[in-house]
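Q: Sequence plus predicted model, see below.
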Amino acid sequence: MTTHARAATGPLSPSPIGESVPRRDGRDKVTGAARFTADLIVPGMARAKILRSPYAHARIRSIDASAARAHGGVIAVVSAADLPDVNLYYGHAVADHPILADGVVRYAGEAVVGVVAEDLISAEEALALVQVDYEPLTAVTSVEAALAEGAPILHEREAEQRPNRGFEEHIEREHPNVCSTSRQRWGDIEAAFEGAHLVLKGTYRYPNSYAFAMEPYTAVAQWTEGALQVWSSCQHPFMVRDDLARCFRLPLSRVRVVVPYVGGGYGSKSYTKIEPLTAALALRAGRPVKLALSIEESILTTRGDGAAVTVRSAFDAEGHLRGRQAEILLNSGAYAENSPLVGRKAANRIAGPYRIPAVDVTCHVVYTNTSPASSFRGFGAPQGNFAAESQMDEAADLLGFDALEIRRRNVVAPGEPPWPKVRGLDADLDADLCLVAEELDWWMPPSPGRGRAIGISASDAGSEPVTTSLVRVSADGSVTVTAGSTEIGQGSSTVLPQIAAGELGVPLDRVQLLQSDTTAVSFDRSTGASRTTTIMGLGIQAAAHDARRQLVAWAEEALADGDVVVEVPGGVRIGETIHDWGSVVRAWFGGSYGECVGRGYVRREGRTQQMPPFWEIGCVGVEVSVDEDTGVVTVERLVTVGDVGCAINPQLVESQDLGAAIMGLGMALGEELVYTEDGTLLGGGLVDYRVPRASDIPRVTSILAERGDGVGVYGAKGGGEGAVNPIAGAVANAVKRATGVRVVEAPLTPERVWRALQERDRTSG
Amino acid sequence: MPERVDRALVDLAIVDLAIVDLSLVVNERPITLRVEPRETLADVLRERLGLTGLKVSCDAQVCGACTALVDGLAVSACTYLAVDADGRSVATIEGLTRDGELTPLQQAFIDEAAFQCGFCTAGMLMTAAALLDENRSPSREEVVAAIDGNLCRCTGYVPIVEAVLRAAEVGR
């Protein structure tokens, strides 16, 4: 089922690069030995439960915790007032999020009081004894309500902007309920629209969503001699360390964040979540504390940004895009979290991977009284792509072009920057489109009642190229590699050793990887934006080269005796004798032990100078059928192209690409968080929030396009996120081709499609 | 949600509950322990017996992550009361391996990359093991039907179905 379009690149053989070696974490995960944060027990550990607000917006008049404190088994009951020594507000972009509600609650489900007890049952019982007196306030749950005249202001206090927001410009705020505004502008937009042959305008909506990592948010915190250690199910341990250090006024070196196996992230475990709260509870309890949220509480902790996207596109008579204007309103919930960056990316990404002479995009990240939104796979891209790709198909129909042809006429060419002052495109989109079309039998008409569509996206990905790695070559020639990247299921614990083994010429089973421990492992910015294989891969490559350079020098000094030292895979040759790296280490130290430490640094210089580090491509095709009586849409065929430059481990890349596409199908067809006007989340559990099941999966073809065009090792670039971006737009376009109805709101639930079909029949009959 | 706490309900919740003697077999090992009637099988397996290979996700019998076998039948341990397992035989992921050897099903999960994060894997394996115990050569449709109550957010399910089919093939 898999096709390889592969240009030969790669290191010297023999090497595990390009081999689908089995996952390193395989045995642990199929035997139950893999330990997740929820499985940890720290000696003396107490358990915590959180009392949450029933109101979406209210002032807290008083909190009476006396009965809870007196309850058996209770160790501490903590509210914001009990944390005078703590920097209460955190947030890597805007420090607007209190660890516990500070006199006001801004969404239903916000943490108000934490109870620490000997066991969970005592903690739960004590929660019911806490009395909170609320004064309800008017809530705003939609972006329209939050920006309306006279809307209540959610954040009276001006929050500090933090340097870790992921973009350089100062955050602008045009309205008290706007958290941030991002713009993207180039060209003469007025001229573009004035001379246009066709102008399309529409408003499209993308749902508030939930990543549903199967492991809920869980953390364990322990204070030892004034230093803090936290184990957490998180993606970015170094970012979490930064927030914890600021909250508790500690040097970075006195905060240790350790990440065991993580039960799914998809962006939802990016940045800081419950770690400051868990650490605050442990501080007040004087005991190690575990806080393990339920799935219902996790839904209330982080969701994906819903979007209302109004977009105008101008085309010439030949189907070329002349200009695009867009206003994007993100429903970002009660706190900023990572939404300012989601907004920045949404503004960048709505231009699509198309050559557009003039663009004028504004994206407002809007505070509402709903659960906070943050990163979720592809962030900013799927929201805008749904709107923009819908319009590409509309334009094709109105201009009389094939939907594939109009895309081929507009996609950015290899090497061409999608907009001014960014990296040229490191992909061949035209070739990717054709791979999908061919696999989908694009030029053969589908069966009656079915429709096909192709969608494409390119995202400025990779985050900031800031990472370090250490490669330690032991006296027996075995290798220890450190990487601050987290194994969140993507397979980094397999791929990174493959890179180290390939670069050092040592067998894969001689390489051990140590990950995600901020004290034991050197710095990495984050695990997200599909950056690990590319950016950490470069770090490991640099560290391996540094080790090799030292080892060759050591061989010249300690072994060569004036002869020429020739580097070979796994060691050196002097005369006719091969010395492996271990014997070089031993010879240089003059005994049986020692170690060579190679250092790798990646920053904005050289090949990683130009931003973004790489473009992440999503290219998919779908074929759908629609039951016109019920409005049920069935995706019958799905084709994905993983345009990844070089697949270090093809099996892992394919499964990432497929997983992303299926995740996208959920939001195309059914996943949506709905809030009532008073801010109650309807169906905030998995019964109602229906994610794809095995029986929903269409016939799938995964294609890998390996053209060696990425910035990473062997031409690799990021993957695993791109396929989520174009799915919803492709499904909407395919439904249009199958039925003639245009649905402008995702997900395309049976009700929405059925209503659109009724409207079609009413107006045509 | 009530703002004022109903004291009577709280009092009811905190009265000492009866302790029940429980005898069961877990992964072929006889176990006797004393539990509260409100403890679930997942609580007992994870918290008391240290069998943390079993995972709890939705805690509402929707996602299948906590699937264990009770007398060979797949159950959601998150909502199955431990006392109901009295006198029964329970199997978890920790009991699959024999003398350190992976079963064909476990090996097939590795070979097919049928997991990424691994949080659904215990439930998937136990559900698939129950299927293969009952039906040694399931069709693709039968595999899909069997795992339809087990959610996976990483893989898109395709490699999981392939793994179960491969294990059935090897098992024959």
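A: Cool, the structure landed.

Q: contacts and neighbour counts: CA atoms only from here.
A: Will do.

Q: hang on, residue A:118 packs against residue A:46?
A: Yes - contact between residue A:118 and residue A:46 holds when scored by CA atoms under 8 Å: they sit 5.1 Å apart.

Q: Comparing these two, which residue is more hemmed in?
A: residue A:46 (26 against 18; other CA atoms under 10 Å in any protein chain shown).

Q: helix or strand right after the lowest-mean-pLDDT helix or strand in chain B?
A: The helix or strand of chain B with the poorest confidence is helix B:7-14; it has a mean of 51 (mean pLDDT, DSSP states H and E). Heading C-terminal from helix B:7-14, the first helix or strand you meet, by DSSP states H and E, is strand B:20-26.

Q: May I have the residues that are in contact with the residue positioned nearest the centre of chain B?
A: For chain B, the residue sitting closest to the mean C-alpha position, by CA atoms, centre = their mean, is residue B:67 at 2.1 Å. Residues in contact with residue B:67 (CA atoms under 8 Å, 6 or more residues apart in numbering or on different chains) are B:54, B:74-77, B:122-124, B:126-127.

Q: And those residues, which of them are buried?
A: Using 16 or more other CA atoms under 10 Å in any protein chain shown as the burial test, the contacts of residue B:67 include B:54, B:74-77, B:122-124, B:126-127 as buried.

Q: Contacts only, for residue 133.
A: I'll assume chain A. For residue A:133, the contact set (CA under 8 Å, 6+ apart) comprises A:60-63, B:3.

Q: which residues of chain B fall in strands?
A: Using DSSP state E, the strands found in chain B span residues B:20-26, B:29-35, B:67-70, B:73-76, B:89-91.

Q: contacts for the lengthiest helix in chain A?
A: For chain A, the helix with the greatest residue count under DSSP state H is helix A:537-558. Contact with helix A:537-558 is made by A:467-473, A:481, A:496, A:499-500, A:503-504, A:562-565, A:567, A:572, A:581, A:584-585, A:587-588, A:596-602, A:712-713, as judged by CA under 8 Å, 6+ apart.

Q: For it, the averaged confidence score.
A: Helix A:537-558 carries an average pLDDT of 98.

Q: circling back: for the contacts of residue B:67, could you give me a markdown table that also reports distance to residue A:549 and pLDDT?
A: Formatted as a markdown table, the entries for the contacts of residue B:67 read as follows, by distance: CA to CA, whole Å; pLDDT from 0 to 100:
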| residue | distance to residue A:549 | pLDDT |
| --- | --- | --- |
| B:54 | 47 | 98 |
| B:74 | 57 | 97 |
| B:75 | 57 | 98 |
| B:76 | 56 | 98 |
| B:77 | 55 | 98 |
| B:122 | 45 | 98 |
| B:123 | 48 | 98 |
| B:124 | 47 | 98 |
| B:126 | 50 | 98 |
| B:127 | 52 | 98 |
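
Q: Can you flag which of those belong to helices?
A: Short answer: these in helices (DSSP H) are B:122-124, B:126-127.

Q: Which member of those is positioned nearest residue B:95?
A: residue B:126 (10.0 Å; CA to CA).

Q: how much space between that closest one and residue B:67?
A: Residue B:126 sits 6 Å away from residue B:67, going by CA to CA, to the nearest Å.

Q: for residue A:532, same thing?
A: Residue A:532 is 33 Å from residue B:67, where distance means CA to CA.

Q: same question, residue A:245
A: In terms of CA to CA, residue A:245 sits 40 Å off from residue B:67.

Q: that older thread, return the most buried member of the strands of chain B.
A: Mean neighbours per residue, mean count of other CA atoms under 10 Å in any protein chain shown, is largest over the strands of chain B for strand B:67-70, with a mean of 26.

Q: Pull up the pairing partners for that strand, direction included.
A: Strand B:67-70 sits in its sheet next to strand B:73-76 (antiparallel), strand B:89-91 (antiparallel), going by DSSP bridges.

Q: low-scoring stretches of chain A, by residue?
A: For chain A, applying pLDDT under 70 flags the ranges A:1-14, A:765.

Q: Restrict the longest strand belonging to it to CA atoms and write it as PDB.
A: Criterion DSSP E: the longest strand present in chain A is strand A:614-627. These are the backbone C-alpha positions of strand A:614-627, laid out as PDB (Å, rounded to 0.1, in the frame of the first residue of the first chain):
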ATOM      1  CA  PHE A 614      11.500  24.100   7.000                       C
ATOM      2  CA  TRP A 615       8.200  24.000   5.400                       C
ATOM      3  CA  GLU A 616       5.800  21.300   6.500                       C
ATOM      4  CA  ILE A 617       3.700  19.900   3.700                       C
ATOM      5  CA  GLY A 618       0.300  18.400   3.900                       C
ATOM      6  CA  CYS A 619      -1.100  16.900   0.800                       C
ATOM      7  CA  VAL A 620      -4.200  14.700   0.800                       C
ATOM      8  CA  GLY A 621      -6.900  13.300  -1.400                       C
ATOM      9  CA  VAL A 622     -10.300  12.000  -0.400                       C
ATOM     10  CA  GLU A 623     -13.200  10.300  -2.000                       C
ATOM     11  CA  VAL A 624     -16.500  10.600  -0.100                       C
ATOM     12  CA  SER A 625     -20.100   9.300  -0.400                       C
ATOM     13  CA  VAL A 626     -23.100  11.100   1.100                       C
ATOM     14  CA  ASP A 627     -26.300   9.500   2.400                       C
END
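
Q: Okay then, goodbye and thanks.
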